[in-house]
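[1] take a look and give me a structure for this.
(one chain, ligands or ions: 1)
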Amino acid sequence: MSVIEVTDLRKSYGGRPVVDGVSFAVEEGEIFGILGPNGAGKTTTVECVGGLRVPDTGRIRVTGLDPVADHEEVTRVLGAQLQQSELQPKLTVREALELYASFYPRPADWRPLAERLGLTPKLTTRFAKLSGGQKQRLSIALALIGDPRIVVLDELTTGLDPRARRDTWELVEDVRAGGVTVLLVTHFMEEAQRLCDRIAVIDRGRIAALDTPAGLIRRSAGATVISFTPSAPLDDHDLNALPELASVRHKDGRLTLSGTDETVDAVLTLLARARVTAHQLRVTDATLDDAFLDLTETTA
Ligand SMILES: Nc1ncnc2c1ncn2[C@@H]1O[C@H](COP(=O)(O)OP(=O)(O)OP(=O)(O)O)[C@@H](O)[C@H]1O
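    Residues are numbered from 1 along each chain as shown. Presented below is the predicted three-dimensional model:
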């Protein structure tokens, strides 16, 4: 069953479309990722889902409800941990939890929630004194305090150290194991690959691909990536004519091509024929990073 349905969502600022015909559906119980470069329109999309922004056109349903017309009901089923959610610096963790619980007619008991999020020892600590990881955990607790069916987490591990990031990932998996559907906005590939059942890759306001992490890797490019620094420039026409080629990238004199083993063989032949030496030649399997770059570069 779909708990979120977005159909042909569009939103412009000053005549510039930032969300340009986005459609997707999120199934109950899944962790659904929205992945994309800075400014791609991710936050605008999820804020429209949460009813915090009003779409220009398009249809959104959250458990069958319209986030704008039925805003109050939507806030009861959808909890949001949004970007840059700063609290009053002097508020203690306990006060923040009690305050947010008071916004809901049937809030979750904040004590077990604080316990599950490792916040019990911090209940009397003021917000300003919390570490980045503790602030993130508190913001997740506040998103869950209304006992929602769906939670929106936007860039939740930005600014965290690797350990805090891993702890937060486990927490998100726990939240899902508790039956909550998760809509996760991120630009971290590793995070998306580790957590998400499915990912919508958004680029310049459009969905460039929507699939499982493994599916994105399989379908975006070939499974093989070859990179090297050529001793002399290679002809673009020759490069683009390579068999099974999925993408070509030039950066700081280095060439990165994705394709299949056949592409790699053809690159080696091309180098020999052009009498060009390949410095620091590397052949690797594609990752979600490569898939992401391919997908976000080829969208018009
Ligand atoms: N209220 C607004 N007024 C004008 N432009 C806006 C407004 N909100 C967002 N934008 C612009 O819309 C574009 C998309 O922004 P959005 O925050 O949705 O992107 P994002 O994919 O979440 O990016 P990031 O990863 O940087 O947070 C950006 O270019 C941004 O500057």
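[2] what comes up buried for the helix or strand containing Ile4?
    If you go by DSSP states H and E, Ile4 is part of strand 2-13. Using 16 or more other C-beta atoms under 10 Å as the burial criterion, the residues of strand 2-13 that qualify are 2-6, 9-11. C-beta coordinates here come from the backbone N, C-alpha and C atoms, glycine included.
[3] got a markdown table for those, with distance to Val77 and pLDDT too?
    Formatted as a markdown table, the buried residues of strand 2-13 follow (distance: C-beta to C-beta, whole Å; pLDDT from 0 to 100):
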| residue | distance to Val77 | pLDDT |
| --- | --- | --- |
| Ser2 | 13 | 94 |
| Val3 | 8 | 97 |
| Ile4 | 10 | 98 |
| Glu5 | 14 | 98 |
| Val6 | 16 | 98 |
| Leu9 | 19 | 98 |
| Arg10 | 24 | 97 |
| Lys11 | 22 | 97 |
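[4] could you dump those residues to a markdown table with distance to Ala96?
    Below are those laid out as a markdown table (distance: C-beta to C-beta, whole Å):
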| residue | distance to Ala96 |
| --- | --- |
| Ser2 | 32 |
| Val3 | 27 |
| Ile4 | 27 |
| Glu5 | 32 |
| Val6 | 31 |
| Leu9 | 32 |
| Arg10 | 36 |
| Lys11 | 31 |
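[5] the strand holding Ile4 vs the ligand: in contact?
    Yes. Using C-beta under 6 Å from any ligand atom, strand 2-13 reaches the ligand at Tyr13.
[6] in the stretch 151-300 of the chain, what residue is nearest the ligand?
    Proximity of the stretch 151-300 of the chain to the ligand (C-beta to the nearest ligand atom) peaks at His187, 5.5 Å away.
[7] low-confidence regions, the stretch 101-250 of the chain specifically.
    Applying pLDDT under 70 to the stretch 101-250 of the chain flags residues 219-222.
[8] wait, what's in contact with the closest residue to Asp235 other than its chain neighbours?
    In space, and not counting its chain neighbours, Asp235 is closest to Ala274: 7.6 Å by C-beta to C-beta, 6 or more residues apart in numbering. By C-beta atoms under 8 Å, 6 or more residues apart in numbering, Ala274 lies in contact with 232, 234-235, 238.
[9] up against the ligand, what does the stretch 51-200 of the chain have?
    His187.
[10] all helices for this protein, in order.
    For the chain, the helices defined by DSSP state H cover 42-49, 71-77, 93-101, 110-116, 132-144, 162-177, 189-195, 213-220, 236-240, 261-274, 288-298.
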